[in-house]
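K.L.:
with the input below, show me the fold.
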Amino acid sequence: MSALSLRRFGAVLTKEFIQMRRDRITFAMMIALPIVQLMLFGFAINSDPRHLPTLVEVGDNGPVTRAVIAAMQNSSYFDFRGAVDNGAAGEEALRQGAANFVVVFPPDFERDVVRGRAPEILVAADASDPSATGGAVGALNGIIAVAIREALSGALAVSAKPPPFSVVVHRAYNPEGKTSVNIVPGLLGIILSMTMVMITAVAIVKETERGTMEMLIATPVKPLEVMAGKILPYVVVGYVQTIVFLVAARLVFGVPFDGSPLAFFVGFNLFIVVNLALGFLISTAAHNQMQAMQLSFFTILPSILLSGFMFPFAGMPGWAQLLGTAVPSTHFLRIVRKVMLKGGGLGDVTGELGALVVTLVIIAAIAVLRYRQTLD
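P.N.:
Modelled structure (predicted):
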């Protein structure tokens, strides 16, 4: 065997750099993916969310009540957004996701504090995502202690050795605080995203590499017809995955299904079509199967990190929430959790369904336009 030749080694090395430069998609992924991961994990991800939207039902607006609200606000965990008139309005706000907490001060609260009757403050928490509310709930005792110290003085302060009032936390939609109740419904969106996008993109690019796509181009089939014909068979795959998921979620993990089957059916069908259209769009940009897989993974990363699946959506900064709103999985996860955990119906998810429809129209329009360009 001949000795190592620096000339031959340099030739191979130069050839690899030239090939890397020509494969612009792969080169861009190698540069962009670490940057995106750094930005998301460094700035957008927060496992201890603050400034959670909170509503208050005030039955007695006295100095102690105001002191408790001020202490909760100053803790940075709670962000008071307004008041509700009754318990039904507060429950609806929790169910719709408009608030993570509803704090209820009973009537005659101040009088009962002064008389030593130890009234209760009710804090209703949306516990469908335990990680989103766990930190705030855990900090309540310290917050109340600060409020007592600031609001009570003199004889009342002396008598406050046990606290003159107590806080009762009602964990709605997930009383036991089980992580699986939140993770398992969200996992359906991630599974569908990963499989639908990648399978569609790789399958179409494979036909292009084999030359069978040229046969379709030579036929009078229109781009929209090709798009529909290519993605609809994979809808069946999505159905199978969803059925297996629902059975396992119920029998293995005990996840409830309290809402409307119709709302769930419409939502997951729409989400499947959105992801298949996204896969078709990726196939128009990829030149080989490796590029199709790389681009598919690049779209799946935001679905995992920005949708509220792994990290609380409310804990992300405003710019990250804005980006997350553009991710289809964000809306589908809200639909699934609202229907399965909160008993939502079709009317409760119209906003999320509308967002998926808009996303589908945009992706399909771009995909058809790019497919027409490949025909030219």
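K.L.:
any idea how far Ala228 is from Ala367?
P.N.:
Separation of Ala228 from Ala367 (C-beta to C-beta, to the nearest Å): 11 Å. Bear in mind the C-beta positions are built from the backbone N, C-alpha and C, glycine included.
K.L.:
sorry, slip of the keys, the one I care about is Asp79.
P.N.:
As judged by C-beta to C-beta, Asp79 and Ala367 stand 40 Å apart.
K.L.:
the two: who's more crowded?
P.N.:
Ala367 (23 against 16; other C-beta atoms under 10 Å).
K.L.:
wasn't that one part of a helix?
P.N.:
Yes: assessed by DSSP: H, G, I helix; E, B strand; the rest coil, Ala367 belongs to a helix.
K.L.:
and for the nearest residue to Leu40 once chain neighbours are set aside, the neighbour number?
P.N.:
Among residues not flanking Leu40 along the chain, Leu305 sits closest, at 5.1 Å (C-beta to C-beta, 6 or more residues apart in numbering). A count of neighbours around Leu305, defined by other C-beta under 10 Å, yields 22.
K.L.:
and Leu305, its phi and psi?
P.N.:
Backbone torsions of Leu305, given as degrees, to the nearest 10, read phi -90, psi -30.
K.L.:
isn't it right up against Pro312?
P.N.:
No: if you go by C-beta atoms under 8 Å, Leu305 and Pro312 don't touch, sitting 11.7 Å apart.
K.L.:
so where's the stretch 201-350 of the chain shaky on pLDDT?
P.N.:
213-214, 216-218, 223-224, 227 (pLDDT under 70).
K.L.:
Val197 and Ser283, how far apart?
P.N.:
Using C-beta to C-beta, Val197 is found at 10 Å from Ser283.
K.L.:
one more: Ile300?
P.N.:
15 Å.
K.L.:
neighbours of the residue nearest to Gly324 when sequence neighbours are not counted, just the number please.
P.N.:
Computed as C-beta to C-beta, 6+ apart, the closest residue to Gly324 that is not its neighbour in sequence is Leu306, at 3.7 Å. Number of residues near Leu306 (other C-beta under 10 Å) recorded here: 25.
K.L.:
helices or strands next to the longest helix along the chain in the packing?
P.N.:
The single longest helix within the chain, with elements called by DSSP state H, is helix 179-210. Secondary structure elements in contact with helix 179-210, counted by 3 or more C-beta pairs under 8 Å, 6 or more residues apart in numbering; DSSP states H and E, are helix 130-138, helix 212-218, helix 223-231, helix 233-251, helix 261-285, helix 289-305, helix 328-342.
K.L.:
how about the residue nearest to Gly279 when sequence neighbours are not counted, what does it touch?
P.N.:
Excluding its sequence neighbours, the residue lying closest to Gly279 (C-beta to C-beta, 6+ apart) is Thr200, at 2.8 Å. Counting by C-beta atoms under 8 Å, 6 or more residues apart in numbering, Thr200 touches Lys230, Ile231, Tyr234, Asn275, Leu276, Leu278, Gly279, Phe280, Ile282, Ser283.
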